[in-house]
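K.L.:
Give me coordinates for this.
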Amino acid sequence: MVVVDCLEDQDETLKRITIELLLRMTNNQNIEVIIDKLMGFINSDSLDRHTRVEIVKRMLEISEKYAPDSSWYMETVRKIFEEAGDLVTQETVNSHIKLIEELREDEDVI
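P.N.:
So this is what the prediction gives:
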């Protein structure tokens, strides 16, 4: 994915535009690659806190929407909370915990 290469550019504006583009172009076929790439930027010192909070919020949204399966989704949410828990609002944590509990009740998930 050529767009992903722009994340390595020194230009911070280009990085922000690239992140926004990746979030908008996410689909079922590229969700795993995009989440993996964005994980490297959620703790970046080059991005301000507000931007990182927004990236994490959007990562959680697209993970839920395009998850290939429930197990991948739960593992991805765990990784995001582990790496960027301080960037996640309590409301978001509560809603994702509730969703994970619902998924765990499904015998086919785990």
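
K.L.:
mind listing the helices for the protein?
P.N.:
Ranges of helices in the chain, per DSSP state H, are 2-5, 12-25, 31-39, 49-66, 70-84, 90-105.

K.L.:
Which one of the ones you listed has the poorest average confidence?
P.N.:
Among the helices of the chain, helix 2-5 carries the lowest mean pLDDT, a mean of 77.

K.L.:
Check which helices and strands that one is in contact with.
P.N.:
helix 12-25, helix 31-39 (3 or more C-beta pairs under 8 Å, 6 or more residues apart in numbering; DSSP states H and E). (Each C-beta comes from the backbone N, C-alpha and C, glycine too.)

K.L.:
Can I get the helices of the chain in TSV including mean neighbour count?
P.N.:
Putting these into TSV (neighbours: other C-beta atoms under 10 Å) gives the following:
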stretch	mean neighbour count
helix 2-5	11
helix 12-25	15
helix 31-39	18
helix 49-66	18
helix 70-84	17
helix 90-105	13
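
K.L.:
returning to what we had before: nearest to residue 99, out of the helices and strands packed on helix 2-5?
P.N.:
helix 31-39 (16.5 Å; C-beta to C-beta).
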